[in-house]
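need a structure here:
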Amino acid sequence: RARHGRGRHPRHRQGHRRDDAGHRRVRRRRPGVDVPVDKFIETAREREAKVIAMSCLLTSAFDSMKRTVAAVDAAGLRPATRVMVGGAPMTEGVCEHTGADGWGKDAVEAVELAKQWMGGS
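Residues are numbered from 1 along each chain as shown. Here you go, the predicted model:
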C-alpha cells in the first residue's frame, strides 16, 4: 500500500535507478551524514566494491570528497575500485578537483556510468 509517495519502489528517491539496474547499495549506520573516510575504505574492502559513489549537496563537501579519494588511492583500492561523485553542485571541474574517476549529473547518468565501468550495457 502506498502512502504519500512511499510504495515498494518509491519513484521520488534516486536509489530506485540503481536498484533497477541491478546494483547493490551499502549503507553505513549514518548514511549520508559525514561518513568517515575510514568507513569508506573498510566497507569497500569488506564488500570488494567495484564502485564507490559519493554524493553531496553543498560545495563545502568537495574537499572531504577529495580526501576520501586520496584515501582510496593510499589504501591501494584503485584501479580495481573506481570512485564516482555526484550531487547538485557537481561539475566536471569539481570531479577533477576531487580526483574521482567520473561523475554523474543525475542518478540516471550515474547508473549508466557504473554500468559502463562494470562491463554492462
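
run a quick neighbour tally on C95.
21 (other CB atoms under 10 Å). From N, CA and C alone the C-beta is placed, and that goes for glycine too.

got a list of what it touches?
85, 102-103 (CB atoms under 8 Å, 6 or more residues apart in numbering).

how near is it to R45?
As defined by CB to CB, to the nearest Å, C95 lies at a distance of 24 Å from R45.

pull out the buried positions in whichever helix in the chain runs longest.
Identified as the longest helix of the chain according to DSSP state H is helix 62-74. Applying a neighbour-count criterion of 16 or more other CB atoms under 10 Å, one finds 62, 64-66, 68-69, 71-72 buried in helix 62-74.

okay, now the unreliable bits of this protein?
1-33, 120-121 (pLDDT under 70).

quick check, central residue of the chain?
For the chain, the residue nearest the mean C-alpha position is A53 (1.4 Å; CA atoms, centre = their mean).

mind listing the strands the helix or strand where that residue lies pairs with, and their directions?
Using DSSP states H and E, A53 sits in strand 51-56. Strand 51-56 sits in its sheet next to strand 82-87 (parallel), going by DSSP bridges.

got the angle for the partner strand vs helix 62-74?
Between strand 82-87 and helix 62-74, the angle comes out at 170 degrees (axes from the mean of the first three to the mean of the last three CA atoms, to 10 degrees).

if anything else comes up later, I'll come back, but that's it for now.
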